[in-house]
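1. Mind looking at a prediction? Sequence and model below.
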Amino acid sequence: MKCRTLFLAVIVSFALGTKAQDIESVIQAPLLSTNGGIAMNHIFTLTPGDTTVSHPYAFYLSGNLNFNFLDVVGIPLSFAYTNQQLTKNVSLPFNRFSLAPSYKWMKVYAGYTSMHFSPYSLAGHELFGGGVELTPDNGLKISAVYGRLKKQSFGADDTDPSFRRMGGGFSVEYKKEQFDVGVNLFKAQDLLSSEYLAHPDSLDVLPQDNLSGSIKAGISFIKNLRLTTEYGISALNRNINPYGNATGNRFRMLETEGDLAVFHAVKTQLTYTQPAGSIGATYEKVDPNYTTMGAYYMTNDYENMTANFSTVIKKVNIAVNGGYQRDNLSNQKNNTSSRIIYSANVSSNLTEKLSFAFNLSNLQSYVYINDIYDRVTQTNEFQNLDTLNVTQLNYTASLNSSYVLQSAKEQRQSLNLNFMYQKSAEAQQYSRFSGNDIYNTGVSYQLSVLPLKLTASASVSHNYNRMPEDMFTQAMTYNVSLQKTFFENLKSALTATCSRMSNQEGKLSNVMNIRISEGYVLAQKHNFNLSLTLLHSDNLTKKRLQYAANLSYAYNFNITVSRKDRRLKLDYDF
C-alpha cells in the first residue's frame, strides 16, 4: 500500500502545473493499459519451368505494442520485418522499428519517423533517428528531429548509388486566437565515406549539402477574416567536393565551397469564413529549381495568383479554385507559358439512394499510378509495394457515382460507376507514363443477402493509355467475387479476374487470376487466413503458370491494471 501511494505521488508531482481536474483524472485512471498485436504472413510461390523466381518463400512480420500509464505517459512501439530484398524502387524500407513515448504534452520519437515543418524545408521525408515534440497548453509548439535520410549505396543489388545522408532541424510555433508565428530550419548533408574518398570518381552522384527554412505568420483582423503568409529559403550545394581532394567530413551550417545556389519562395493567403462557406485569395511564388532535401518531390518555377470559394447549396458541396499561373521566372527556358489554373470539387447525396462526386483540376500534382498488369497479376498484398516512381500530372478529371438499387432488411443491392482521366507531364525522369493520356472507366455491382451472410459482386473496367507517337495500350478486365460466412467465425471467398491487354499492334497478353481464401476467427482475438492463388498469363513470348499460397496469422490483446477499493485489479483479454 505504501509503495503504491508513493508511486502515485511521484507521478502526480512530476506533472508541474497540473490542474485539479487533471489530478482527479490521474487518480481515477488505470495504473497501466496495454494493447497490441502481431501479424505474420508466409507466402509460398511455385512457377513450373520458370527459373527467374529465385525466392519461392517470403516471410513478413509486423507488430505493435502500446503502453499507457495513468492516462499520462504513453509509449507506442511498432516494428516490421521481411526476409525479402526489396528493389531500389521501394520508397520506404519495409524492415523498420519505431518508438514514440509521450508524457502529457511531451512526445519523443525513436526509430523510423517523419515530421512536417513546412513545404519549403522539412516536408514529411522519413528518417531513421530521433525527435521530440513539445505541445504545452499555452499555444507553443516546439519540434526537433535528427537522423539518417538515406543509406549509403554503391549501386549494388539493383539500387541507385547514393551517399549516407544525415539531416536534422527544429520548428518553433506560437498560436493564439488572433495571431500565430513560426520559424523552422532544416539542415541535411551527404557524408563522404572512405570508399568515396579513395576513389572520388567512382560514383555517378555528387555529394550535396542543403540548408532550408521558413518564417510564417498569421493574423485575424476582424472576426472570420484571416491573413497568413510564409517565406521560405533553401541554400543547396550540389557538389561539396568540387576539386575531388576532400579528406573527410566537416560540419558547417552552410557549406559555401562548391556549386552553391540559393532559392526563395513566398505564399500569402487571405480567407474569409462564414457558416455558409468561405472565400479567399492566394498568391504563391517558388523560384526555379527550388529544392529541399526534406521533401521527396517539389514543384517549382511558378507564380500563382488564385481565388477560392466553397459553400453548401442544399445538399450539394461545392469548392472552386481558379486563377493565373506563369513559369520561366528567371527566363532560363526557351519558352515561357502562362495559363489559367483551376480546380473544382462537387459532391452530393442527392437522395437516399443516389450520390456522386466530381473533381476537375489542372493543378500540378504527384501521384503513384499502379500499372494494370501489376494489378491483375498480384498474388499477395506485399507484391507491389508503393514506390517512389511517381508521375507528375498536369490534368485530372474524375466522376464517381453510386446508386442503391435495393435496401431491404434481408437484401441489399448497389451499382457504382467511376471514370477518371489523367494527363501526365512530359520529360519525366523516372515515370513510365510521361506525356501519356490515361483513361479509366469502371462499373461494379454488389449484392448482399443478409440471412445467408452472402455477398456477391461483379465489375468491368477498361484502361486506355495513350502514349506519344500514336502508341497506346489498353486492358479490359472482368472481376467476379463471392463471399460467404459460416458459423459466424468462418469466412470463405472466391475471386476470379480475367484481363485482356492489347496495343496498336494487337494482342499483348491474357491474364487469368483465381483466388480461394478461408478465414477463421478464434476467440475474437486470433485470426487465421489461408489463400490459394492460380495465375495464368499468356503473352507474346511465353505462357506462364504460377501457384501461390499465403498463410497468415494475426493476434490482438489488451491488458488493464486498475485500482478498486484499495486493491489492484487485473483485466485482460487474450
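-> Here it is on my side, so go on.
2. quick one: low-confidence ranges for the stretch 301-450 of the chain?
-> 368-373, 377, 379-390, 426-433 (pLDDT under 70).
3. nope, the chain is what I was after
-> Using pLDDT under 70, the flagged stretches of the chain are 1-27, 51-54, 85-96, 155-159, 202, 247, 368-373, 377, 379-390, 426-433.
4. all helices of it, in order?
-> Using DSSP state H, the helices found in the chain span residues 2-14, 20-28, 194-198, 372-376.
5. How are the strands of the stretch 451-574 of the chain distributed by residue range?
-> For the stretch 451-574 of the chain, the strands defined by DSSP state E, counting those that start in this stretch cover 454-467, 471-486, 490-503, 506-522, 526-539, 543-564, 567-573.
6. would you turn the ones you listed into a markdown table with distance to S365 and mean neighbour count?
-> In this view, the C-beta of every residue, glycine as well, is placed from N, C-alpha and C. Output for these, formatted as a markdown table (distance: least, CB to CB, whole Å; neighbours: other CB atoms under 10 Å):
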| stretch | distance to S365 | mean neighbour count |
| --- | --- | --- |
| strand 454-467 | 18 | 17 |
| strand 471-486 | 23 | 16 |
| strand 490-503 | 27 | 16 |
| strand 506-522 | 29 | 16 |
| strand 526-539 | 32 | 17 |
| strand 543-564 | 34 | 16 |
| strand 567-573 | 44 | 11 |
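7. And these: which comes nearest L354?
-> For L354, the closest of these is strand 454-467, at 19.3 Å, according to CB to CB.
8. what's the angle between the closest one and strand 471-486?
-> 170 degrees (axes from the mean of the first three to the mean of the last three CA atoms, to 10 degrees).
9. Need the contact partners of strand 454-467.
-> With contacts defined as CB atoms under 8 Å, 6 or more residues apart in numbering, strand 454-467 is touched by 372, 433, 435-449, 472-485.
10. Likewise for stretch 352-362?
-> So stretch 352-362 is contacted by 339, 341-350, 394-405, 407 (CB under 8 Å, 6+ apart).
11. And those, which of them are buried?
-> Among those, the ones that count as buried by 16 or more other CB atoms under 10 Å are 341, 343, 345-346, 348, 394-400, 402.
12. Out of these, which is nearest to D204?
-> Once CB to CB is applied, the member of those that ends up nearest D204 is N394, at 29.7 Å.
13. Is the closest one in contact with G435, as I believe?
-> No. Using CB atoms under 8 Å, N394 is not in contact with G435, being 9.9 Å away.
14. Nearest to N416, out of the strands of the stretch 451-574 of the chain?
-> Closest to N416 of these, according to CB to CB: strand 454-467, at 8.3 Å.
15. Break down the stretch 1-150 of the chain into its strands, ranges please.
-> 32-46, 57-69, 73-82, 96-99, 102-103, 106-113, 127-134, 140-150.
16. same check, this time on the stretch 251-400 of the chain
-> Going by DSSP E, counting those that start in this stretch, the stretch 251-400 of the chain shows strands at 260-274, 277-286, 302-313, 316-326, 338-348, 354-361, 365-367, 391-407.
17. Can you tell me which of those strands is nearest to P76?
-> P76 lies closest to strand 365-367 among those, at 29.4 Å (CB to CB).
18. Can you give the distance of that closest one from its chain's centre?
-> 12 Å (CA atoms, centre = their mean, to the nearest Å).
19. what do you get for stretch 311-327?
-> 25 Å.
20. What of stretch 398-407?
-> Distance, centroid of stretch 398-407 to centroid of chain: 27 Å (CA atoms, centre = their mean).
21. Contacts made by that stretch with the rest, please.
-> Under CB under 8 Å, 6+ apart, the answer for stretch 398-407 is 352-359, 412-421.
22. and with 10 Å instead?
-> 345-347, 349-361, 411-422, 440-442, 444-448 (CB atoms under 10 Å, 6 or more residues apart in numbering).
23. correct me, but L551 touches H42?
-> Yes. Between L551 and H42 there is a contact at 4.6 Å, judged by CB atoms under 10 Å.
24. Quick check: neighbours shared by these two?
-> L530.
25. still on that earlier bit, would you mind checking the contacts of stretch 398-407 for buried ones?
-> Applying 16+ other CB under 10 Å to the contacts of stretch 398-407 flags 345-346, 355-357, 359-361, 412-414, 416, 418-422, 440, 442, 444, 446, 448 as buried.
26. burial measure for the residue lying closest to L185 once chain neighbours are set aside, as a count.
-> Distance criterion CB to CB, 6 or more residues apart in numbering; nearest residue to L185, sequence neighbours excluded, is G213 at 4.0 Å. The number of residues packed near G213 is 24, by other CB atoms under 10 Å.
27. and the closest residue to K285 other than its chain neighbours, how far is that from S448?
-> Distances taken as CB to CB, 6+ apart place E303 nearest to K285, at 4.5 Å, with adjacent residues excluded. To S448, E303 is 52 Å away according to CB to CB, to the nearest Å.
28. now do V316
-> Using CB to CB, V316 is found at 29 Å from S448.
29. same thing with D71?
-> D71 is 40 Å from S448, by CB to CB.
30. hey, what's the nearest residue to G74 once chain neighbours are set aside bridged with?
-> In this structure, G74 finds its nearest non-sequential neighbour in S102, 4.4 Å apart by CB to CB, 6+ apart. On the basis of DSSP bridges, S102 is bridged to G74, K107.
31. Tell me if I'm right that S102 and A110 touch.
-> No. Using CB under 10 Å, S102 makes no contact with A110, being 11.9 Å away.
32. so what sits against both of the two?
-> With CB under 10 Å, 6+ apart as the test, S102 and A110 reach no residue in common.
33. for the residue nearest to G74, what are its contacts?
-> 68, 72-76, 108-109, 133, 135.
34. Distance check, it against D301.
-> To D301, S102 is 41 Å away according to CB to CB.
35. list the contacts for the spatially closest residue to E173 that is not a sequence neighbour?
-> Spatial nearest neighbour of E173, excluding adjacent residues (CB to CB, 6+ apart): G182 at 3.8 Å. Shown in contact with G182 (CB under 10 Å, 6+ apart): 117-118, 141, 171-175, 214-218, 230.
36. Touching, T396 and F419? I think so.
-> No. Here T396 does not reach F419: they are 11.6 Å apart, not a contact under CB under 10 Å.
37. Pull the number of nearby residues for V286.
-> Neighbours of V286 using other CB under 10 Å come to 23.
38. do the same with E303
-> Applying other CB under 10 Å, we find 17 residues neighbouring E303.
39. which residues does it bridge with?
-> K285, R326.
40. Contacts only, for it.
-> E303 neighbours (CB under 10 Å, 6+ apart): 266, 283-287, 324-329, 338.
41. do N304 as well
-> Neighbours of N304 in contact, by CB under 10 Å, 6+ apart: 267, 282-286, 323-326, 341, 363.
42. could you redo the last one with a cut-off of 6 Å?
-> Taking CB atoms under 6 Å, 6 or more residues apart in numbering, we find N304 in contact with 284, 325.
43. That one and Y60, how far apart?
-> From N304 to Y60 the distance is 43 Å (CB to CB).
44. do Y478 as well
-> From Y478 to Y60 the distance is 30 Å (CB to CB).
45. what's the answer for L532, then?
-> 18 Å.
46. can you check N224 too?
-> 50 Å.
47. tell me the contacts of the nearest residue in space to A295 that is not next to it in sequence?
-> Leaving aside its chain neighbours, A295 sits nearest to A123 (3.9 Å; criterion: CB to CB, 6+ apart). Going by CB under 6 Å, 6+ apart, A123 touches 116, 294-295.
48. What about these, which one has the most neighbours?
-> Neighbour max across the contacts of A123 (other CB under 10 Å) = G294, 31 neighbours.
49. What residues are bridge-paired with it?
-> L122.
50. from what I can see it touches P119, true?
-> No. If you go by CB atoms under 6 Å, G294 and P119 don't touch, sitting 9.4 Å apart.
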